[in-house]
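Enquirer: Sequence first, then the predicted structure:
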Amino acid sequence: MKDILTYNGRSLADFGVTFDGSKSFGSPEKDYDIISIPGRNGDLSIYNNRFKDLNISVPCFIRDDFLENYRNLMAFLNSAHGYLRLESSKEPEYFREALFLGAVEPTTYAFNKSGRFTLNFRCHPQRFLKIGEEPITYIPLPGDGTWILRNPTMQVAKPNFRVYGVGQVYVNNKTFTTSDLAAGYYLDVDSEICEVTMGPYNMNSHFAGTFPLLEPGDNEIKCLTAYISKIEVTPRWFEI
């Protein structure tokens, strides 16, 4: 079976593209500031608590109708802008956020019937787990204790909490509070962008406290008031 790439929701197999899946996509570099001090042996390092983007080069091949397929492929790739979803059949449980860099120089064979080329992407460092896109629902009941949500990775996730109702939510010894919300409505508390919304509307004024994080292993979550009917957590698990 040939290895297939999917970018921005479309399989590149639609353009007759297969790729060499034998090469690893690599791993990102940690972001350090290295400081040299005159008179002191060795350097100081300051870890900036982040990983850098990485560049990925993917060797690809089109076996038939190269010119037409290649032109259509470039039209599709160049019509997209920004970091978009990149998936590989080699790692079907993950996806990345990738920016197509262009600058492709193909080599053709057999009177332009087939050809090889390399697609270059700049990727965010996270390899997101697809299971982390699925909301996990918690419905607090009277007398409920702590809800345990287990992070299966070694990385701290920045989830989205969709909170129906108002009150205080406890997550790992920190809390946040939602307020002034009509019955049946919700707030999206997004820890990735540190924003609170309801649909297209900014609702930061209805939030107080700390944006929740999900640590590796068990995470303790509970509602400290009785006016929250449901919480849907989209955890965004990822690995490096």
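Expert: Structure received. Numbers count the residues shown, from 1 in each chain.
Enquirer: For the residue with the largest distance to the centre of the chain, give me the pLDDT.
Expert: Most distant from the centre of the chain: Gly39, at 43.5 Å, with distances by CA atoms, centre = their mean. Per-residue pLDDT puts Gly39 at 91.
Enquirer: Please apply the same query to Lys23.
Expert: Looking at Lys23, its pLDDT reads 57.
Enquirer: start at 733 instead
Expert: In the new numbering, first residue 733, that becomes Lys755.
Enquirer: beta partners of Ala940?
Expert: Going by DSSP bridges, Ala940 is paired in beta bridges with Thr909.
Enquirer: residues in contact with it?
Expert: The contact partners of Ala940, by CB atoms under 8 Å, 6 or more residues apart in numbering, come to 908-909, 911. C-beta: built from backbone N, CA, C; applies to glycine.
Enquirer: Adding distance to Cys792, write those residues out as CSV.
Expert: Output for those, formatted as CSV (distance: CB to CB, whole Å):
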residue, distance to Cys792
Phe908, 46
Thr909, 51
Ser911, 52
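Enquirer: Take the residues you listed and lay them out in CSV including neighbour count and pLDDT.
Expert: Supplementary listing: the contacts of Ala940 in CSV, determined by neighbours: other CB atoms under 10 Å; pLDDT from 0 to 100:
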residue, neighbour count, pLDDT
Phe908, 21, 97
Thr909, 15, 96
Ser911, 13, 93
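Enquirer: Next one: Asn781 relative to His856, how far apart?
Expert: The spacing between Asn781 and His856, counted by CB to CB, to the nearest Å, is 15 Å.
Enquirer: okay, those two: which has more neighbours?
Expert: His856 (18 against 8; other CB atoms under 10 Å).
Enquirer: What score does the residue lying closest to that one once chain neighbours are set aside have for pLDDT?
Expert: In this structure, His856 finds its nearest non-sequential neighbour in Glu829, 4.4 Å apart by CB to CB, 6 or more residues apart in numbering. Looking at Glu829, its pLDDT is 97.
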